[in-house]
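Novice: I would like the atomic coordinates for the input below:
(2 chains)
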Amino acid sequence: MVVEQEQRLGDLKPLHGRLVRLRALEPEDEPLLYEWFNDPEVTSTGGGHGYPISHARERDWIDEANRPGYDYCHFGIVALDDDRLIGTVSLRRTSPENRSADLGLSIGEKTRWNQGYATDAMRVVCRFGFQQMNLHRIELGTYAEHAAAIRVYEKVGFKAEVRTRDSAFFGGRYRDGVLMGLLEGELIE
Amino acid sequence: MSELRELVEHRPLEGRLVRLRPRDMEDEPALHSWINDPDVTQNLAARYPYSHEAEREFVKSLRDTNYKNAGFGIETLAEGKLIGNLGFHETEAESRRATLGIMIGEKDYWDRGYGTDAMRVLCRFGFEMMNLHRIELEVLAVNARARRVYEKVGFQFEGTRRDAFYKFGRYIDAHVMSLLEGELRWD
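Specialist: Numbers count the residues shown, from 1 in each chain, chains lettered A, B, ... in the order given. A predicted model of the protein is given here:
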């Protein structure tokens, strides 16, 4: 019985999905992240106003983000097929009392868009949040017009909860935001 | 309405029942008693008790009132008595948005229109003096009284963050509401 239990525990791969695995970010990832987070095509879908980011700032950010833990959990997303970094995903603003966290995802490698990598990474990070961090609720924000992202989030089980009117201004106009939530037990694998 | 127009030109922090003013160390005992009063905090996010030392640090952090730190005390016009706090946090300049928080700490002043008046004055200040476009707030689903006040002022319900707060042994939904430029109501 004990042996069985140990085998099962040993089989746990909390950071692995079908297409991707998650790992900590490293200082060596800086050039890629610098490229992605200065690319308006990548950043416009995740919010932000498009201010440029220096190498120094990016290095500082990695220095902060590369120690995943309960309070501030950032991961690099690595494609299983060629073991290369294709994006980042995070659980932030965790509240132990509310057992909640905010999720942020970015697939920086544009050649990997629309092929299921974001969906798989979402599933892995949400499973990690529920099964390893013991969260009750995971929340994310996107824009109402960003239909492709909303479809991915809904596929994983997120429900659109709030439509925030005119809550973000960029590209010359106000845009509605959408807050989406996923509770324990709602993740669709 | 034209009367209010004149008022706002000269006294943007005054309403019909209250004025908004900065807080000083003399206010610390009142602020400390409110944040430690379970009747006051039961519908707020606050959970842990506050020491006088922590409260003094908080009051110090309020010293400069400005775009990023637009917090006020609520004082009655009639007696000049401090009865609560309110203000904006998480102001974001590019999107011209801010999040509003309010507490009426003096329980004798509940349900008498003071909170409503203070909300109106702060929102007017936000739109007309800070040039905000959107003011948002969150209210626990169990706090029906507050939600009625927000609706009276013109806030619109936008949706429900399910199980967003845990207090008193259960998860509680949070309602998100917002008020855009031009939506503030005085009657």
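Novice: buried sites along the helix or strand harbouring residue B:172?
Specialist: When elements are defined using DSSP states H and E, residue B:172 is found to belong to strand B:170-180. Buried residues in strand B:170-180, counting neighbours by 16 or more other Cβ atoms under 10 Å in any protein chain shown, are found at B:171-180. Backbone N, C-alpha and C define where each C-beta goes, glycine included.
Novice: Cross-check these against chain A and keep the overlap.
Specialist: Of the residues in the buried residues of strand B:170-180, proximity to chain A by Cβ under 8 Å from any Cβ of the partner chain holds for B:171, B:176, B:178, B:180.
Novice: quick one on the thing from earlier: pick the one among the buried residues of strand B:170-180 closest to chain A.
Specialist: When these are compared for distance to chain A (Cβ to the nearest Cβ), residue B:176 wins out at 4.5 Å.
Novice: residue contacts, that closest one?
Specialist: Residues counted as contacts of residue B:176 (Cβ atoms under 8 Å, 6 or more residues apart in numbering or on different chains) are A:162, A:164, A:179, B:136-138, B:157-161.
Novice: For whatever residue of chain A ends up closest to chain B, which residues are in contact?
Specialist: Closest contact between chain A and chain B, by Cβ to the nearest Cβ, is at residue A:162 (3.0 Å). Neighbour list for residue A:162: A:177-179, B:158-161, B:176 [criterion: Cβ under 8 Å, 6+ apart].
Novice: sec struct for it, please.
Specialist: Under the three-state scheme (DSSP: H, G, I helix; E, B strand; the rest coil), the conformation of residue A:162 reads as strand.
Novice: For chain B, which residues are neighbours of chain A?
Specialist: B:47, B:94-97, B:133-134, B:136, B:156, B:158-167, B:171, B:176, B:178, B:180.
Novice: Turn the buried ones among the contacts of residue B:176 into a named ChimeraX selection, would you?
Specialist: What follows is the ChimeraX syntax selecting those of the contacts of residue B:176 that are buried according to 16+ other Cβ under 10 Å:
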select /A:162,164,179 /B:136,137,138,158,159,160,161
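Novice: Save the contacts of residue B:176 as a markdown table, and put in distance to residue A:73 and pLDDT too.
Specialist: Conversion of the contacts of residue B:176 to a markdown table gives the following (distance: Cβ to Cβ, whole Å; pLDDT from 0 to 100):
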| residue | distance to residue A:73 | pLDDT |
| --- | --- | --- |
| A:162 | 24 | 98 |
| A:164 | 25 | 98 |
| A:179 | 20 | 98 |
| B:136 | 26 | 98 |
| B:137 | 28 | 98 |
| B:138 | 24 | 97 |
| B:157 | 32 | 98 |
| B:158 | 28 | 98 |
| B:159 | 26 | 98 |
| B:160 | 26 | 98 |
| B:161 | 20 | 98 |
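Novice: Go through the contacts of residue B:176 and flag which are in strands.
Specialist: Counted as lying in strands by DSSP state E, out of the contacts of residue B:176, are A:162, A:164, A:179, B:136-138, B:157-161.
Novice: Tell me which residues of the biggest helix by length in chain A come out buried.
Specialist: For chain A, the helix reaching the highest residue count under DSSP state H is reported as helix A:117-131. Within helix A:117-131, the residues scored as buried using 16+ other Cβ under 10 Å are A:117-130.
Novice: before we move on, what about stretch A:138-151?
Specialist: Residues A:138-144, A:146, A:149-150 are the ones in stretch A:138-151 that count as buried (16+ other Cβ under 10 Å).
Novice: Would you mind listing the two of the residues you listed that lie farthest apart?
Specialist: A:138 and A:144 (19.9 Å; Cβ to Cβ).
Novice: need the contact list for the residue of chain B found nearest chain A.
Specialist: Per Cβ to the nearest Cβ, the residue of chain B with the smallest distance to chain A is residue B:159, at 3.0 Å. Taking Cβ under 8 Å, 6+ apart as the contact definition, residue B:159 lies against A:160-163, A:179, B:175-176.
Novice: out of those residues, who's nearest residue B:89?
Specialist: The nearest member of the contacts of residue B:159 to residue B:89, counting by Cβ to Cβ, is residue B:176 at 15.2 Å.
Novice: Tell me the spacing between the closest one and residue A:104.
Specialist: Between residue B:176 and residue A:104 the distance, using Cβ to Cβ, to the nearest Å, works out to 19 Å.
Novice: how about the helices of chain B, start to end?
Specialist: Counting by DSSP H, chain B has these helices, from start to end: B:2-10, B:28-35, B:38-41, B:52-61, B:114-128, B:144-153.
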